[in-house]
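Peer 1: What follows is a protein structure lacking sequence information:
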Ligand SMILES: Nc1ncnc2c1ncn2[C@@H]1O[C@H](COP(=O)(O)OP(=O)(O)OP(=O)(O)O)[C@@H](O)[C@H]1O
């Protein structure tokens, strides 16, 4: 058993359906095992189920949806159209949006074919519109 397999052991319930890039993200973040909300949500979302989860702050909700989002985006077989958006993550506050975007950056290092942009209030919307024109997947 190599180091990676050993580290992924606690993710075994869901590790068989996630790809190497996600495993690399988990390794980089040093997340040895899933939190309860992650264990509950990730398999359902990967099976294209609708999920509404409520869990206390700090329970790991970010990864619970980011892993499925990235996994489902890279599994898509039909080619992306210019300006097509693959996923939209809506957050109630600017701070939370920035926090989620920071974790997204770790994923992007390992999912090199995807890109992401952050759109928050307090910035010039003209620049946002310009950025969107380049066809972000996120
Ligand atoms: N499986 C895991 N193992 C260890 N640490 C984790 C794991 N998942 C998330 N964390 C860490 O726990 C902390 C809280 O995670 P996260 O921000 O995703 O929680 P949250 O439920 O989205 O919180 P909030 O409701 O405040 O947005 C972060 O520091 C994150 O890096």
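Peer 2: Structure received. What you are looking at is a predicted structure, and each value in this text was computed from that prediction instead of being measured.

Peer 1: switch to C-alpha atoms for all contacts and neighbour counts from now on
Peer 2: Noted.

Peer 1: what does this protein put close to the ligand?
Peer 2: Counting by CA under 6 Å from any ligand atom, the positions of the chain adjacent to the ligand are 31, 32, 33, 34, 35, 57, 58, 59, 60, 61, 62, 63.

Peer 1: any idea how far the spatially most central residue of the chain is from residue 110?
Peer 2: The C-alpha lying nearest the average C-alpha coordinate of the chain belongs to residue 66 (CA atoms, centre = their mean; 2.1 Å). Residue 66 sits 13 Å away from residue 110, going by CA to CA, to the nearest Å.

Peer 1: same thing with residue 95?
Peer 2: 24 Å.

Peer 1: Then residue 41?
Peer 2: As defined by CA to CA, residue 41 lies at a distance of 22 Å from residue 110.

Peer 1: the more surrounded of the two?
Peer 2: Shown here are residue 41 and residue 110; by other CA atoms under 10 Å, residue 41 has more neighbours (20 against 16).

Peer 1: tell me the contacts of that one?
Peer 2: 51, 53, 64, 65 (CA atoms under 8 Å, 6 or more residues apart in numbering).
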